[in-house]
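**Q** Okay, predicted coordinates and the sequence, questions at the end:
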Amino acid sequence: MSFLDRLRGNESHEGTTTNLPSRALLWLIASFALLLSPQWDRLPLWLIAACAVLAAWRWLSQYGRVRLPGRLLRTGIMLVLIGVYVATVQGRFTVDTAASFFVLAVGLKWLETRSVRDFYVLFFILVYLATVNFLFHQEILWALVNFTGIALLLVGLQVLNAPELPGGMTSGWRRLGGMFLKTLPIVVLLFVFFPRMSPLWSVPLVSGEARTGISDTMRPGDISNLAQSSERAFRVTFGGEMPAYRDRYWRGLILDYLDGETWRQGQREGFRPLGRVAVDGGIGELEANQYDVLLEPTDQRWAFALENSRAISDNVFEDSADLFRFRRPADSPVRYRLALEEEVSATEAQSSAELRRYLQLPGEGNRRARELARELRRAMGDEQIIRSLLERFREQEYFYTLRPPAMPDDGIDSLLFDEKRGFCAHYAGATTFVLRAAGIPSRVVVGYQGGESGAGGNYLIVRQYDAHAWVEAYLDGRGWVRIDPTAAIAPDRIESGLRDAVAEEGSFLENNWASPQRYADVALVQWASLQLDRINYQWQRWVVGYQGQSQMDLMSRLPGGFGMRELGYMTAGIVGAGLLIAGLISALQMRRGERRDAFRRVVDTWHRLCASAGVPVRHGETPSVLASRLAKAEPAAADSARLFARMVNSHYYSAGKDDEGGEQLKRMRRLLATMKRQLRRSRTRTGKPSD
Amino acid sequence: MKNPFRNRFSRWINRRIPRSDLQTFNQKNIFILPTGAGVVFGLLLVIMLLTGINYQNSLIYLSTFLLGAVFVGAMHQTHRNLSGLELALVQPGEGFAGDDIPFRFRLKAGRDDGIAILLSCEESGLAPVHVHSGRSEDVTLPVHSAHRGYLRPDRVRIETRFPFGLLKAWSWLRPVSAGVVFPRPVPAPEAFSTVEDGEESAEARSVEGNDHADIRPWREGDLSQRVLWKRFARTGQMVVADWEGEQGSPYWLDFNAYPGADHELRLSYLAYLVNERGRSGVRFGLNLPGQIIEPDSGPAHAARCLRVLATWGEERPRDAMAEPHGTRKKQRETTSQWVAEGQA
């Protein structure tokens, strides 16, 4: 709609009441509310409030409580809201701001929804809003919300098109349901066979909002914040046995540069051009040593992997230091596949030049820790140093706690010698510090540790509170060795997870009232949340995750090499066949309907009778004309033919009142029989050949 | 540019849909195309598909396919909404020229409901009608009339956009029967009757009874004999003298009473008079060239006279292709319901 058009259109019915049926409008508004709900966490509050007010305004005006604003006021509202939008967005262009603008446009449209055409405009926008929602939320419940929103729109359209239809709402739902069931097979086939092309162009979903998850810097308090979140990080299915709890170290990234208190990545990750990353790792059978990871979006390129893994799916590649990376930030759930390898005994020795960066320390600070390192160094070799350090953690009164005290100056010193209370990040940082000070190349590894089994026990759920930090040290001849000070201080954390480790303290998810994991000791809650997760997992794996690689895997099982081209043909075939079948069915129904119509059958019999008497029915001929022609040809049957024609006529023109108990039909049949007798008799009398 | 194509198209339609007062709609005569909204919907699906491809989002694929299926389903639904439906012209209307003539149609649904059926003819249309399966529904469609005579709409369009308004299915009924449009009544000037009372006596009387005359300006249809020519010579004004008792027999309304007036105008005068007489209930007869209706009274008589006025000199429209579903004989009463021919 051009701007001029809009101006003109509004001029003509400024302030007049609209002709949209209220019930249709109600469905539209309901759908709007429903389709906004998946966006609630990314939309600014003022926008949601504004949308609510605008929609309510439209609704009230339907009943004449308020008037829709005139052009001036409307422009004013528009300018104000867009002003607020510009002020809050501050020039950032992310998916969130784009989505906000989209929602803002929908909200403003409410004030000018006057005609049927506006209704359709809103319909189209809302359908696309549902599409946008799918970009952000793919869980089964959100998908249901979106599909319900679309269904509401379709019911609303039906009401719009037949406003006065009694019982229109129920019949609308029934019609929609019937349509859905009838077309479901075609939809499923299309879903399976429609070729999943690679993206035509690459548009990353840049979100301005920080994701919950590990980050590429670590300050001592960082990971304990994560421990308050029970959001899912990823889920894993193993082809063979699941590794034991204590071996579930999911390596994510390596922090090797200590900058004051903060651990960072020493080298920026090498720049790589954004690739068109497949979000799908295939659905081929998992071999015994393989595992599938379904990672929730992180907006990062890190892929979490167990030690000694090898990339199987081509959407991950192995970066330096046995870490895995995607070709593009994971802005939607990504599934990738890795394989565990036998431990490689011969690690390639790293040059001392390379190792030097793992000895980096700030110039000063934490003098006591350095002193400790010097003492250890004086007495022992590398492995002994590590062992005695862990021994120290195990034997002295170190505590693993989610409520560590503040340690502002020389944090590592006060952790090691004074407070002795900390979380994994504290201990990993301190251990690395001491090892480095003692001349052992070492680094902090950040990732996750653990994971609870999902319902049915055949996959693992790793949550944000499983985030963990540990240490790797380089030993001559053995390569990089994992050292976990947390294991020495709180073995429970490594053996069975955070919940048990902080059970005494009672701090597990203490700030997270809404998390179902917090109430895991209530069996029902635990059961329900696990079942829901299982459904979601299957949904993600088989429906959401059904993309290029999975499709190819599935197709490779079919006989005859199925490629993209074959899939294309197949799709065309399905669409064609679907239309054909539907056409055939409707033709068949029509035919059957005609046959079922008893009245028509009787008339057909009459026509046949006439034809056999030498008076074939002509196109468009009326019963009475036919009857008079028959009467002329066969005077004996004249009366019955006229009577019959009159009955046919009165059947056609008897308004609404249907034949009670088929009396009329019976009479017509009797009459036909009489006519037949008369014709036969006359024929035998005149000796006319019957043909 | 468009016209030759249009003409061809409409000839093709006419071949496809023969004239008949009864039309059952089926695959052969239902046309279906997306509406403007339907075209936009198609574009939206393409955009959704592109979004799905670009973000590799299975759920967007899924919703695209679902909505595509809904579109195809709507196609069937819209088609079925019309197919099996019978549309019959049960009573072509009557009325005065310039008015909307009410045509009564009967819609009868087949196996499926016919929901939100729109009936229209040229500019006039009806609100959506719902006919449930096996039921029938009578509707009255006003058809605009321009002049007297037989009125036969070339095509009555039946359309439905249900359920979603994304597609429209339509067809036409091309009725055989024609409505009757009476001449538009125009207040008639006083007139002579040429029946029974001769012109001479009227003239004689007019000369004698000059004194009782009302003088009024000349208007079309006044006899030239009655113009006061003397006065015209004096003042230049054409005035006519009206005086009582000057008419011929009050029983006769006469076509020839308005010499000089256009035929159509005469018919309009007569229609006016018929209306008037019909209302007041007096006896009157109608004298048209070639057609005489004996004096009678009552609304039925008036209606009969109007019909004669309407169709005088007009040919009943014929179409070689078809005959009306039940051939109507002349109708006896205006108020009579249309009855199937056999019962008449």
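**A** Structure's in. What do you need?

**Q** wouldn't residue B:84 be in contact with residue B:107 here?
**A** No: in this structure, residue B:84 is not within contact of residue B:107 by Cβ atoms under 8 Å, at 11.3 Å. Bear in mind the C-beta positions are built from the backbone N, C-alpha and C, glycine included.

**Q** buried ones in stretch B:88-97?
**A** Along stretch B:88-97, these residues count as buried under the neighbour rule (16 or more other Cβ atoms under 10 Å in any protein chain shown): B:88-97.

**Q** Quickly check: that stretch near chain A or not.
**A** Yes: part of stretch B:88-97 sits near chain A under the criterion Cβ under 8 Å from any Cβ of the partner chain, namely B:88, B:90.

**Q** for that stretch, the distance to its chain's centre please.
**A** Stretch B:88-97 sits 6 Å away from the centroid of its parent chain (Cα atoms, centre = their mean, to the nearest Å).

**Q** before we move on, what about stretch A:514-524?
**A** Distance, centroid of stretch A:514-524 to centroid of chain: 25 Å (Cα atoms, centre = their mean).

**Q** which other residues reach it?
**A** A:229-230, A:463, A:465, A:499, A:508-509, A:512, A:525-526, A:528-529 (Cβ atoms under 8 Å, 6 or more residues apart in numbering or on different chains).

**Q** at 7 Å instead, please
**A** Stretch A:514-524 is contacted by residues A:230, A:463, A:509, A:512, A:525-526, A:529 when judged by Cβ atoms under 7 Å, 6 or more residues apart in numbering or on different chains.

**Q** gap between the two ends of it?
**A** 15 Å (Cα to Cα, to the nearest Å).

**Q** got the buried residues for it?
**A** A:515-518, A:520.

**Q** Kindly report the same for stretch A:284-298.
**A** A:284, A:286, A:289-298.

**Q** just to revisit the earlier point, and which of the buried residues of stretch A:514-524 is nearest residue B:312?
**A** Of all those, residue A:516 has the smallest distance to residue B:312: 89.5 Å, by Cβ to Cβ.

**Q** coming back round to it: go ahead and build a PyMOL selection from the buried members of the contacts of stretch A:514-524.
**A** Provided next is the PyMOL selection string for whichever of the contacts of stretch A:514-524 are buried by 16+ other Cβ under 10 Å:
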select buried, chain A and resi 230+463+509+512+526+529
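
**Q** Select from the contacts of stretch A:514-524 every entry located in strands.
**A** residue A:463 (DSSP state E).

**Q** for the residue in chain A that chain B sits nearest to, helix, strand, or coil?
**A** For chain A, the residue closest to chain B is residue A:646, as judged by Cβ to the nearest Cβ, at 2.8 Å. On the three-state scheme (DSSP: H, G, I helix; E, B strand; the rest coil), residue A:646 is labelled helix.

**Q** Is the residue nearest to residue A:129 when sequence neighbours are not counted within a helix or a strand, and which one?
**A** In this structure, residue A:129 finds its nearest non-sequential neighbour in residue A:35, 5.0 Å apart by Cβ to Cβ, 6 or more residues apart in numbering or on different chains. Secondary structure from DSSP states H and E places residue A:35 in helix A:22-36.

**Q** centre of the chain versus that helix, how much separation?
**A** The answer for helix A:22-36 is 22 Å, by Cα atoms, centre = their mean.

**Q** For it, which outside residues touch it?
**A** Taking Cβ under 7 Å, 6+ apart as the rule, helix A:22-36 contacts A:48, A:51, A:55, A:59, A:62, A:103, A:106, A:119, A:122, A:126, A:129-130, A:133, A:145-146, A:148-149, A:152-153, A:155-156, A:159-160, A:163.

**Q** got the buried residues for the next helix or strand after it?
**A** Moving toward the C-terminus from helix A:22-36, the next helix or strand (DSSP H and E) is helix A:45-62. Residues of helix A:45-62 classed as buried by neighbour count (16+ other Cβ under 10 Å): A:47-48, A:50-51, A:54-55, A:57-59, A:61-62.

**Q** does the most centrally placed residue in chain A count as helix, strand or coil?
**A** By Cα atoms, centre = their mean, chain A has its centre lying nearest to residue A:138, at 1.4 Å. Look at residue A:138: counting by three-state DSSP, its state is coil.

**Q** what's around the closest residue to it other than its chain neighbours, how many residues?
**A** Nearest non-adjacent residue to residue A:138, counting by Cβ to Cβ, 6+ apart: residue A:544, 4.5 Å away. The number of residues packed around residue A:544, counting by other Cβ atoms under 10 Å in any protein chain shown, is 25.

**Q** how about low-confidence regions in the chain?
**A** I went with chain A, as the question did not name one. Residue ranges of chain A with pLDDT under 70: A:1-18, A:202-211, A:268-283, A:343-349, A:560-561, A:590-597, A:620, A:652-662, A:685-691.

**Q** hmm, I had chain B in mind actually
**A** B:1-2, B:191-214, B:220-226, B:241-250, B:319-344.

**Q** In it, spot the helix with the most residues.
**A** helix B:58-82 (DSSP state H).

**Q** and it, is it in reach of chain A?
**A** Yes: interface with chain A: helix B:58-82 contributes B:58-63, B:65-66, B:69-70, B:72-73, B:76-77, B:80 (Cβ under 7 Å from any Cβ of the partner chain).

**Q** filter those to the buried ones?
**A** B:58-63, B:65-66, B:69-70, B:72-73, B:76-77, B:80.

**Q** Which residue ranges of the stretch 451-600 of chain A form helices?
**A** Per DSSP state H, counting those that start in this stretch, the stretch 451-600 of chain A carries helices over the ranges A:485-489, A:491-495, A:498-501, A:523-538, A:548-556, A:564-596, A:598-612.

**Q** Over to the stretch 101-250 of chain A?
**A** Using DSSP H, counting those that start in this stretch, helices in the stretch 101-250 of chain A cover A:116-136, A:140-161, A:168-193, A:222-226.

**Q** Just list the residues touching residue B:118, thanks.
**A** B:125-126, B:128, B:159-160.

**Q** immediately after the helix or strand containing it, which helix or strand?
**A** Assessed by DSSP H and E, residue B:118 sits inside strand B:114-121. Next helix or strand after strand B:114-121 toward the C-terminus (DSSP H and E): strand B:124-125.

**Q** close to chain A, is that following strand?
**A** No: figure legend: strand B:124-125 not in contact with chain A (Cβ under 7 Å from any Cβ); closest approach 14.8 Å.

**Q** how far does that strand sit from the chain's center?
**A** For strand B:124-125, the distance to the chain centre is 12 Å (Cα atoms, centre = their mean).

**Q** Please name every helix or strand in contact with that strand.
**A** Applying 3 or more Cβ pairs under 7 Å, 6 or more residues apart in numbering or on different chains; DSSP states H and E, we find strand B:124-125 packed against strand B:136-144.

**Q** now the angle from the strand it packs on to strand B:114-121?
**A** Angle of strand B:136-144 versus strand B:114-121, following axes from the mean of the first three to the mean of the last three Cα atoms, to 10 degrees, is 20 degrees.

**Q** Parallel or antiparallel, list what pairs with the helix or strand following strand B:136-144.
**A** Downstream of strand B:136-144, the next assigned helix or strand under DSSP H and E is strand B:149-151. Partners of strand B:149-151 in the sheet, by DSSP bridges, are strand B:179-182 (antiparallel).

**Q** picking up where we left off before, check which residues of the strand holding residue B:118 are buried.
**A** B:114-119, B:121.
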